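>>> For reference, the sequence and a predicted model appear below.
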Amino acid sequence: MVLITDIDKNGRAAKAGILAGDTLVSINGNAITDVLDYRFYLAEDRVTLSLLRAEAPFEVTIRKDTYDDIGLEFETPLMDKKQCCANRCIFCFIDQLPKGLRSTLYFKDDDARLSFLHGNYVTLTNMKDADIDRIIKMHISPVNVSVHTTNPVLRCEMMKNKRAGEVLGYLQRLADAGIRICGQIVLCRGINDGEELARSMRDLARLHPAVSSVSIVPAGLTRYREGLYPLEPFTPEECRAVIAQVNAFGDECERELGNRIFCCADELYLKGELPLPEEAHYGDYEQIENGVGMLRSLMAEFGRELEFLEDYLPEQGIQDRVISIATGKAAAPTMRLLANALQKRVNGITVQVFAIENEFFGPEITVAGLLTGHDVAVQLAGKTLGDELLVPATMLRAEGDLFLCGMTPEELSRRLQVPIRAVRGDGAELLAAMLGVECPF
């Protein structure tokens, strides 16, 4: 049963007489406990809702197009509480956060529903047979799984959860049911690399085509690891060795299965001082949100948009525009390449790229999404930043109003005396932002 907190006055539910404050019990006789039940059982052209009003039961029947919404709203998007992570992973990033940040940053979720709705990765340790049955019945696909290792004993040790090994059996059940699985291996130096990584890749490749992609991502290590498991970062030479191992097995998979399956995160290439692979290496960019192919995709998109530069330029052209870009150390070289490409094509524009050192989390954290407004403010103080400062939208929370440290874009703008523009990570928006125009697409 789920409480209805609001209702679209123009929706079908309101026209059927449902009110805010009513409780939804079932749809077509199927009990509703959360958003997955609701969306799945609502997908009919005729639905009968069983409800309670002041504890008195009643029913309404609504006709609609199969996938149309009916206008009910609930207290939370999940229609239930988020499931908290039951693991104590040796590499957990949240355990490496200092005190004093926004309270929401400290919540560890491990909720399969968020895997379906938002692409979050789950470990399966919160799940029971009934949960897998429901995924199979509803054919929820893909399911994003943080695998880390297919060695059951090692997985228990890494995740400090006695169920971590046994739930690996769920992968086979999902694969047998035709559920697509996107995997993730957070690689810890000396723990699940080397022969253990080779084992994990072999085991997961056996589940192809259900396992369609697996990202190999190095564990993020901040300066706040006192009292935690003693992990060390990969050296540049070790990064190159990991890339060689993964790519060799990926080549084999491509020859035998027609799918590379395994790809390394951009971070390993950057730290290993190797060029990024070409676009074909990443297929459909299934793992781009894990930082796999993100920079190559941006470069390719930006290059394609440059071919249509006239669609972006205002009639009067660009008149002495000077802008600055603040980004992480990882992305800065790529941003400089794109800036130079634009400056060669457009007279009257100057683009400065500043690589911001992550003083807050430590030098091992080089991605833009984990930079604070405070670090940007301190390191750019006193610099001539021009007409506008561009920052990646990933520096801000989803609402676009706060950096990790709690600073707002408006505060940063006041401190640096320059307008701030947050830019999404696609080539068209970046090009438009550099030119100071609205994106035409």
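Great, that's in hand.
>>> Quick one: list the elements packing against the helix or strand encompassing A244.
When elements are defined using DSSP states H and E, A244 is found to belong to helix 236-257. Counting by 3 or more C-beta pairs under 8 Å, 6 or more residues apart in numbering; DSSP states H and E, the packing neighbours recorded for helix 236-257 are helix 194-205, strand 211-218, strand 262-264, helix 266-271. For glycine as for every other residue, the C-beta is placed from the backbone atoms N, C-alpha and C.
>>> Out of these, indicate the one that is most buried.
Taking mean count of other C-beta atoms under 10 Å as the contact definition, the stretch among these with the greatest mean neighbour count is strand 262-264, which reaches a mean of 28.
>>> How far off centre is it?
16 Å (C-alpha atoms, centre = their mean, to the nearest Å).
>>> same thing with stretch 123-138?
Per C-alpha atoms, centre = their mean, the centroid offset for stretch 123-138 relative to its chain is 22 Å.
>>> outside of it, which residues touch it?
Outside of stretch 123-138, the residues within contact range by C-beta atoms under 8 Å, 6 or more residues apart in numbering are 36, 40, 83, 85-87, 110-112, 140, 143, 145-146, 159, 161, 163-164, 167-168, 170-171, 173-174, 177, 179.
>>> Kindly export it (C-alpha atoms) in PDB.
Included here for stretch 123-138 are C-alpha records, laid out as PDB according to Å, rounded to 0.1, in the frame of the first residue of the first chain:
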ATOM      1  CA  THR A 123      26.100  -5.300  -5.500                       C
ATOM      2  CA  LEU A 124      23.100  -7.700  -5.300                       C
ATOM      3  CA  THR A 125      23.800  -8.300  -1.600                       C
ATOM      4  CA  ASN A 126      20.500  -6.600  -0.600                       C
ATOM      5  CA  MET A 127      18.600  -8.900  -2.900                       C
ATOM      6  CA  LYS A 128      16.700 -12.100  -2.200                       C
ATOM      7  CA  ASP A 129      15.400 -14.800  -4.600                       C
ATOM      8  CA  ALA A 130      12.000 -13.000  -4.700                       C
ATOM      9  CA  ASP A 131      13.700  -9.800  -5.900                       C
ATOM     10  CA  ILE A 132      15.400 -11.700  -8.700                       C
ATOM     11  CA  ASP A 133      12.100 -13.300  -9.600                       C
ATOM     12  CA  ARG A 134      10.400  -9.900  -9.800                       C
ATOM     13  CA  ILE A 135      13.200  -8.600 -12.100                       C
ATOM     14  CA  ILE A 136      12.700 -11.600 -14.400                       C
ATOM     15  CA  LYS A 137       8.900 -11.300 -14.300                       C
ATOM     16  CA  MET A 138       9.000  -7.600 -15.200                       C
END
